[in-house]
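Q: fold the following for me, if possible:
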Amino acid sequence: MQIEVAKRLQHTEEYYFSKKLREIDEMKKAGADVINLGIGSPDLPPHPDVIAVLTAEAAKSTVHGYQNYKGAPQLRTAIADWYARYYDVTLDPQTEVLPLIGSKEGIVHICMTYLQEGDKVLVPNPGYPAYTSAVRVSGATIVPYELKADRNWQPDFDALEQLDLSDVKMMWINYPHMPTGTLATNELFEKLIAFGKKHNILICHDNPYSFILNEHPQSILSIPGAKDVALELNSLSKSSNMAGWRIGMLLADKERINEILRFKSNMDSGMFLPLQLAAAKALQLDKSWYTQLNSVYAARREKVFQIMDLLQCTYDSNQVGLFVWAKIPDSYSNGYTLSDHVLSQAHVFITPGGIFGDAGDNYIRISLCATEETLDSVIKRIQETIL
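A: So this is what the prediction gives:
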């Protein structure tokens, strides 16, 4: 018997990395020692104090039941304090903060709360593939807006104004931008808020990379009037080395929090309380935590720059975040070709930029989630097998 998948999934493919990891597993089974520089999964542990809180709380007998759908008050308060301290944003922890089981969950929740067939959504190209997937699952239509290097990977508002925006309900943005590592400016955020208000478009800012190799974290919610038209997602996956813990957050006006909670509360039954209390501890760490973390990533980034130089790629040395984004040389037809060549010859996987949209076809991306020793091994392999 064959059961056809729902219409919402017929144009939603399996995540690229899911397929690629299977290919890498097959190579490893055949005896290849493959180094994966594709995925931004932090290889460093959380702070010891965070783990200590999780251990102590999980040992208690009273913390294993269902939890509040809106999250523990201790976590909501810690999130609000974190935003005030680092982003200069005032949030009411009772009404404007919603903890999530990872911010990727939040992308789906937002789309499913507000979108349906007939709606349109502005999605960045290149951009995080999860935006495209979530919009498709909601039944809405994707309207890609291209980001270009010569505009510093920022939206072209003149081009956007030429579009028919009458059915556009939402716009996804992401700064520091993934995959290019570009920082936003207050001027950009101000333009986005004005654009959203002018056209009645909800501006959805995904902000998980703001602490990585960046001295001045930014939030779109710091712009006056932003809560009227914008919301923000954030995460501890990168900034606190807690990717597998699945700790995310949604920051928004009270009304939007309640609207999205109507969907979310039907999808899960809250987050394990010890995880929430440990996350609160992570948010209370002082700036020395981020300084120490970024010293590690800065040293790794220099190694990745060496790899890019060997591959004759060009890049912006001022980019931030957990990756290095680079333009490939003309000798390769696209990033997929270069990625496959490096994988087959050097047994090193790097991400082709085309998975983030066709505007990334001539680029590759390398993760900083590998030790300096591993990156030295990659340098040696490329020198021995490709050059």
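
Q: could you chop the protein up by domain?
A: 7-45+288-385, 65-283 (automatic domain parsing).

Q: out of those domains, deepest packed?
A: The highest average neighbour count among those, using mean count of other CB atoms under 10 Å, belongs to domain 65-283 at a mean of 19. The C-beta positions use only the backbone N, C-alpha and C, and glycine is treated the same way.

Q: dump the domains of the chain into a markdown table; add mean pLDDT and distance to Glu57 as well.
A: Formatted as a markdown table, the domains of the chain follow (pLDDT from 0 to 100; distance: least, CB to CB, whole Å):
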| stretch | mean pLDDT | distance to Glu57 |
| --- | --- | --- |
| domain 7-45+288-385 | 93 | 18 |
| domain 65-283 | 97 | 4 |
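
Q: looking at these, which is nearest to Leu54?
A: Among those, domain 65-283 comes nearest to Leu54, with 3.9 Å by CB to CB.

Q: out of the domains of the chain, the one nearest Ala58 is which?
A: Judging the domains of the chain by CB to CB, what sits closest to Ala58 is domain 65-283, at 4.3 Å.

Q: and the end-to-end length of that closest one?
A: 24 Å (CA to CA, to the nearest Å).

Q: now stretch 271-290
A: 25 Å.

Q: what does that stretch rub up against?
A: 46-47, 49-51, 53-54, 57-58, 60, 63-64, 67, 71-72, 74-75, 77-79, 81-82, 99, 101, 211, 236, 239-240, 242, 245-247 (CB atoms under 8 Å, 6 or more residues apart in numbering).

Q: distance to Met1 added to the domains of the chain, as TSV?
A: Below are the domains of the chain laid out as TSV (distance: least, CB to CB, whole Å):
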stretch	distance to Met1
domain 7-45+288-385	18
domain 65-283	25
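
Q: give me the distance from the one helix or strand Ile203 maps to to the chain's centre.
A: If you go by DSSP states H and E, Ile203 is part of strand 202-206. With CA atoms, centre = their mean, to the nearest Å as the basis, strand 202-206 stands 13 Å off its chain's centre.

Q: stretch 313-323 now?
A: That offset, for stretch 313-323, works out to 16 Å (CA atoms, centre = their mean).

Q: render the CA-only coordinates of it in CSV, please.
A: Extracted in CSV, the C-alpha atoms of stretch 313-323 (Å, rounded to 0.1, in the frame of the first residue of the first chain):
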residue,chain,number,x,y,z
CYS,A,313,39.3,31.6,-2.7
THR,A,314,38.6,35.2,-1.7
TYR,A,315,36.9,36.4,1.4
ASP,A,316,36.2,39.3,3.8
SER,A,317,38.5,39.0,6.8
ASN,A,318,36.1,41.1,8.9
GLN,A,319,33.3,38.6,8.8
VAL,A,320,31.9,37.3,12.1
GLY,A,321,30.0,34.2,13.3
LEU,A,322,30.8,30.5,13.3
PHE,A,323,31.9,30.1,9.7
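
Q: contacting residues around that stretch?
A: By CB under 8 Å, 6+ apart, the residues outside stretch 313-323 that reach it are 40, 42, 176-183, 209, 212-214, 238, 297, 305, 308, 324-329, 351, 364-369.

Q: mind checking which of those are in helices?
A: Residues from the contacts of stretch 313-323 lying in helices, with DSSP state H as the criterion: Tyr297, Phe305, Met308.

Q: after the helix or strand that contains Thr337, which helix or strand is next?
A: Assigned by DSSP H and E, Thr337 belongs to helix 335-346. Next in sequence after helix 335-346, counting helices and strands by DSSP H and E, comes strand 348-349.

Q: what helices and strands are in contact with that following strand?
A: With contacts taken as 3 or more CB pairs under 8 Å, 6 or more residues apart in numbering; DSSP states H and E, strand 348-349 sits against strand 35-36, helix 335-346, helix 372-385.

Q: and His347, what does it touch?
A: Met27, Ala32, Asp33, Val34, Ile35, Arg381.

Q: so which of the contacts of stretch 313-323 sit within strands?
A: Among the contacts of stretch 313-323, the residues falling in strands (DSSP state E) are Val324, Trp325, Ala326, Lys327, Thr351, Ile364, Arg365, Ile366, Ser367.

Q: between the residues you listed, which is closest to Leu293?
A: Nearest member of the ones in strands among the contacts of stretch 313-323 to Leu293, counting by CB to CB, is Ser367, at 15.0 Å.

Q: would you confirm that that closest one contacts Gly38?
A: Yes - contact criterion CB atoms under 8 Å: Ser367 and Gly38 qualify, at 6.2 Å.

Q: mind listing the strands for the stretch 1-150 of the chain?
A: Using DSSP state E, counting those that start in this stretch, the strands of the stretch 1-150 of the chain run over 35-36, 97-100, 120-125, 141-146.

Q: partner strands of the shortest one and their direction?
A: In this case it means strand 35-36. Partners of strand 35-36 in the sheet, by DSSP bridges, are strand 348-349 (parallel).

Q: contacts for the strand it pairs with, please.
A: Contacts for strand 348-349 (CB under 8 Å, 6+ apart): 20, 24, 34-38, 339, 342-343, 378, 381-382.
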